[in-house]
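Peer 1: fold the following for me, if possible:
(chains A, B and C)
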Amino acid sequence: MNMAIDLVLTAFLGICLMLSASSRLVHCIRLVALQGILLGVLPLLMWNWSKACPGAEIWGAAFVNIMVKGVLLPILLIRAMRKAGVKRELEPLAGYSWSLLIVSVASALALWLSRSLTIPGVSVLAIPAAAVTVFTGLFIIVSRRKAITQSLGFLAFENGIALFGAAMHLEYGFFVELGILLDVLVLVFVMGIAVFQISREFEHIDADRLNLLTDTGEVK
Amino acid sequence: MIFSSAGIAAAAGVLSLLCCRRGGLAGVVGLAGTILSVTAGIVTLCTSPPNGVSLLFMLPTLILAPMAAIHSRAYIKGHGNPGIYWGFFNLTVATMLALPLIKEFLPFLIVWELMGIFSFVLVMFNYKADELKRPAWIYLLACEAGGLLLMLFYALSFKSGVSQELFYAIGMAGFGLKAGFPLLHIWLPEAHPAAPAPVSAIMSGAMINLGLMGILVFVFPGVDPALCGWTLLILGCIGSLGGIVFAFAQDNLKRVLAYSSIENIGIISMAVGCTFLGGAFNNNTMIVFGILGSVFHIINHALLKGTLFLGAGQVFCATGTLSIDKMGGLMKRTPVTGSCFTAAAVGLSGLPPFNGFIGELMIYLAAFSGICSGIVQLRFAGIAAALVLSLTGACAVVAFSKAIGGTFLGEPRKITECQKESPWMYVPMLCLLLLSVIAVFSAPFTAPAIIKLVKTPGLDTAVAGAEKILFYAASFSALFYILCTLILLCRRFLLVRGAENESGPTWDCGYAKPSARMEYTGSAIIQNLADLFNSFLQIRRKVDEPQGLFPSKASFEWESPDGSERFFWAPVFKFAAGVSDKVHKFQSGYLHVYVLIMTVALIAMVIWAIVS
Amino acid sequence: MVSMLALLITVPMLTAVIAAVCRGRFCRLLLLSGSILHLGLALYCFNTRIDGRWIGLTSYSEAILLVLTSGLYFAVCCYCCSWLKAEECSKKSLWILGICLPLFLATMTLVILSRNFGVMWVAIEATTLFSAPLILFHRSGRALEAMWKYLLICSVGIGLALLGTLFLAFAARMGGVELHDLRISEFLNIKESLNPGWFKVAFVLALAGYGTKMGLVPFHTWLPDAHSEAPGAVSALLSAGLLNCSFLGVIRFAALAPDKVGEFCTELLIILGVLSLATAAFFIIRQGDFKRMLAYSSIEHMGIASILFAVCGIEMTMIHLVAHSAIKMSLFLLAGNLLLACGTRQISRISGLFGVMPANAILFLAGVILICGVPPSPLFFTELVLLCQAPLWLALLMVLLLFMVFAGMMKNVLSMTMGKKCELEIHAAPAERLIWVPIAGLCAALAVGIVFGVNL
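Peer 2: I've put the predicted structure just below:
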């Protein structure tokens, strides 16, 4: 199964590159959803099928992951996007070609730095893929204007963290995993409502134009 | 039991606060409480006297508190909530009575900070005035800075490897903020004019002494006496000269008195410094005269400065202003206050026949015995002390001449109406002056008792010499009083008997229509001296000269803001504000910048974790 | 006994469900009854010591934090009873308040009671979710902006904390121990076999993550906005309750440090603490908004708490947190009163409050003096102990920064309370009636201070 795992991890890297270069929001939402589905499938791929069949907990976790991250979250985000009336991220703070370059350099750096980190039982691509996904998530939050894109960046960030856990065989128990997923779901729900309120109040959802609360100069 | 006086005052304070809705009741409770607690204090002192230092620093409070309380009764009428005033007045007096009796540093520090907070409430009692915001803030900052430095002082005693000099310097700075040492004194000229006059009297006469007490009790033990002596001497010289030079350049009557307090603390420090230097080099005469000088000057300063501030309070109540250049002619309208003020000012300048002279005489003798001792350092100290003391004495005479001349003599310049003086206000002043006269005559008898309290052997011959000198000084004063009284009696009863009183216009130098505004102002009286010291004072002048050949509109403004504030503290605070403005730019409001800062910080921390 | 502790979490959840059904009616009654029940339960469970699989109560400090949070919530609910009447808010706002406040309490209780790093993480993330709608109570553009920044920055931070938790589990595995879940007591048992390198990175991530929620610089940027835009009662809970719970996360991580790594952890805590104190000092000095000033004061005290924890240990830190919570709650409630009366948060426009609203002004002045560490405030004693035990450079720096904070805060407070009455229209009467809970808070802090001082 090692090849399948490596394929999934490479797919993560590829998705990150595509995320950093795409301006169409629906496309980005679908990419992040794909990341979520791959994350759900990963424990099943990493399971040692020759020993025994995975228990109900593993199947349950995979199912809930795929449902929440692959189906529910995209629905919530696309609904928020439609309500706010945006389709594209047109003027990011870092241009798309620059973004692509930065994420590529980060990937190369991560792959090079992790050569010395050999952990038994874990693919050599695991830590770089997770690190790059986390970095891409943070980079999208920092360099994109629209609030929806920032939520997407946060989701990619969370996926990267979950990838760390999954790829390194770390278990935190079914209920905790359920709790984490529930948290992310409610968070995206609340973020969606917030984006709608912002679009109604300010008639734009550019987070970089939200700077009334500042300590420089006169209090407005 | 020794805390009974403090306890009674504290209880009275809390009671007054509780009945702050009923002003009259609060007033009665407050006044009664103060007087009861002072009585309890005096009784305790007589029955079970604490050691010399505690006794010395409790006396000013015990003397001034009842006088200030009686004065307050008339002063605060109609000026604010009496319950709050009496409550915090009694609480402040309670802390001031408790402090000399506390031997351990941590309880002392707690009561010290409480004293600062309670007196702050009194300082900001007239909260309705916008211009009081800054003095109240400066006073509170000074109290807290002193408190923080003393916390550091306490903490340093638990650390190993701390240099003795740092320990000593922090202790001196912490207590020096309260005492009014140079550079740390900037709160005094701001807080004293802002506070009600009786509160200023207590603060000036009793509270700032407690700073010196703190130094003597907590900082000096274990330190080389020569170092102690030199520090106090130098600080005293700078403080007294600086204080009096700024005093004569001020226009606000209470600011003059505040700077004069800084001068007097400087003189007391010089006296204590001479004592320590004498102790370091085993010069008994210097020790004896130093101790006598400092003790007498502390008591004299309390009595006389108290009178002066109470007088200033009466002046403010009568005219509504404290600006010397606006007042005038108050000697005719408030004669008792005027005479008491003049008498106290003469005493505080160190002129005979009053008690101020006796105290300064002792300090001069300490300086001279240092000069005569033959040890180089003592000679140098003696010369410095004597020179500075004489110079400050002269400047003090000038400063008070300006204050009295501008306020009481002549005709009113700008004030239109003047209230009558209230007996509640001038009776305490008369009592204090009476006590100072008693102090003159009792000096020869109290001197040996004071030296006996110090419990140092081998001082008997020096004490005998001091006794003799004091006896001569007291007799000289007595002679002077008798002569003065005889002359006054003669003038009243013999010379003018039968003659009629005529009144005529004052000689007006030929002006057609003289007005009171043509009189010399206070700033004019001291102009020569101010010009002499201008490199130190850096007076700000704004002159609007008349244009053309004929008389037209012109104006002249001058002010002398505090030197250390203008050239040291204000730049420091401005620098901090400048840095703060730059730092504020980090909270720019841009979410992207915030997350970027987080990421960068995180990466830095991770790299440090991996590398270390 | 675990069921008793579970009640502490389910009772507020039940209150929230009932409030959801009632749609804004009986909001005050529900809040008050829920808080009384919760406080009663917390006091009853104060002495139980039990270490369950998911939740438990194992130490004195956790019990104190539990009672503190519960007491705080009770005080805030009492305040809300009169405040909501004076505020005249819509049914929808009351509905959201009735749902989110008890859920906020439930998640904070879960943080304190959790015995599993995963459960603790879920609970802290949940506190972000349920406090976000509370910030939006006033429904203005500024509140919206504050909420968005709060959501995003805290979620990113907490994600970092999750990464830290995963690295911690990995550190255990690299040290040769196989753990099946993230139970805290199991980690404590195998403390010494944790791989030091991986633990250091885990600690850094956890400190960055939980430090974001706690308000450590440079992760604090959401705090001034969120705490100043939220209404007074909510700010009180955020500042006095939530910051403590996030600090608990840091404490639990730091308790796991193997001996070799201990010094690194204390150094990192001290550096971030000093940075927080310095940043707060410089931001307080020329501050124009009194609620932001109080928010920066919270950042300052979290910095001091973190230095206290690194230098003096957990008992002093707990006393500092308790005192800070009581005084800060009173201050934020009073700030809410001032906002209600004056209608503006700008310090430069307000003046002369002693004459117009004396009770509030005197209490505000007293509260600010107490929070700056003047005796008999308990913060004086904790700061004194810290100065005694800290190295010399730290003591000198702290004295300077504490002085700067005092100067800045007193300048602003005196400018607001003293002086002539300003031109603003001040509706003093409703605000003057809302003083009882702040008085209780300040008296509680004074009592703690006097008891602590006498024992010292």
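Peer 1: buried residues, stretch B:132-142. List them.
Peer 2: By neighbour count on 16 or more other Cβ atoms under 10 Å in any protein chain shown, the buried set for stretch B:132-142 is B:132-133, B:135-142. For the C-beta atoms, the positions are set from N, CA and C on the backbone; glycine is no exception.
Peer 1: actually, stretch B:64-80.
Peer 2: Those would be B:64-76, B:80, for stretch B:64-80 by 16+ other Cβ under 10 Å.
Peer 1: swap in stretch B:459-470?
Peer 2: Across stretch B:459-470, burial judged by 16+ other Cβ under 10 Å covers B:459, B:462-463, B:465-467, B:469-470.
Peer 1: one more: stretch A:70-90?
Peer 2: Buried residues in stretch A:70-90, counted by 16+ other Cβ under 10 Å: A:70, A:72-74, A:76-78, A:80-81, A:84, A:86, A:89.
Peer 1: pLDDT weak spots in the stretch 201-350 of chain C?
Peer 2: Applying pLDDT under 70 to the stretch 201-350 of chain C picks out no residues at all.
Peer 1: enumerate the residues of it near chain B.
Peer 2: Counting by Cβ under 8 Å from any Cβ of the partner chain, the residues of the stretch 201-350 of chain C lying close to chain B are C:201, C:203-205, C:207-208, C:212, C:218-219, C:221-222, C:224, C:264, C:268, C:279, C:282-283, C:285-286.
Peer 1: what about the strands in chain B?
Peer 2: For chain B, the strands defined by DSSP state E occupy B:540-544, B:555-559.
Peer 1: center of chain A - which residue?
Peer 2: Centroid-nearest residue in chain A, with Cα atoms, centre = their mean: residue A:156, separated by 1.2 Å.
Peer 1: report the separation between that one and residue B:378.
Peer 2: For residue A:156, the distance to residue B:378 equals 82 Å [Cβ to Cβ, to the nearest Å].
Peer 1: point me to the residue of chain A nearest chain C.
Peer 2: Nearest residue of chain A to chain C: residue A:176, at 3.3 Å (Cβ to the nearest Cβ).
Peer 1: from residue B:309, how far out is that residue?
Peer 2: Taking Cβ to Cβ as the measure, residue A:176 falls 72 Å from residue B:309.
Peer 1: so between those two, which is more surrounded?
Peer 2: Using other Cβ atoms under 10 Å in any protein chain shown as the criterion, residue A:176 and residue B:309 rank with residue B:309 on top: 33 against 21.
Peer 1: show me which residues of the stretch 151-300 of chain B sit near chain C.
Peer 2: Contact residues (Cβ under 8 Å from any Cβ) of the stretch 151-300 of chain B with chain C: B:151-152, B:154-156, B:158-159, B:161-162.
Peer 1: max pairwise distance over those residues: which two?
Peer 2: Across those, no pair lies farther apart than B:151 and B:161, at 19.4 Å, counting by Cβ to Cβ.
Peer 1: what about those two, which has more around it?
Peer 2: It is residue B:151, of residue B:151 and residue B:161, that has more neighbours when counted by other Cβ under 10 Å, with 27 against 6.
Peer 1: residues touching the residue in the stretch 251-400 of chain B that chain C sits nearest to, list them.
Peer 2: Nearest residue of the stretch 251-400 of chain B to chain C, counting by Cβ to the nearest Cβ: residue B:320, 17.4 Å away. Counting by Cβ atoms under 8 Å, 6 or more residues apart in numbering or on different chains, residue B:320 makes contact with residue B:415.
Peer 1: roughly how far apart are residue A:70 and residue C:150?
Peer 2: 28 Å.
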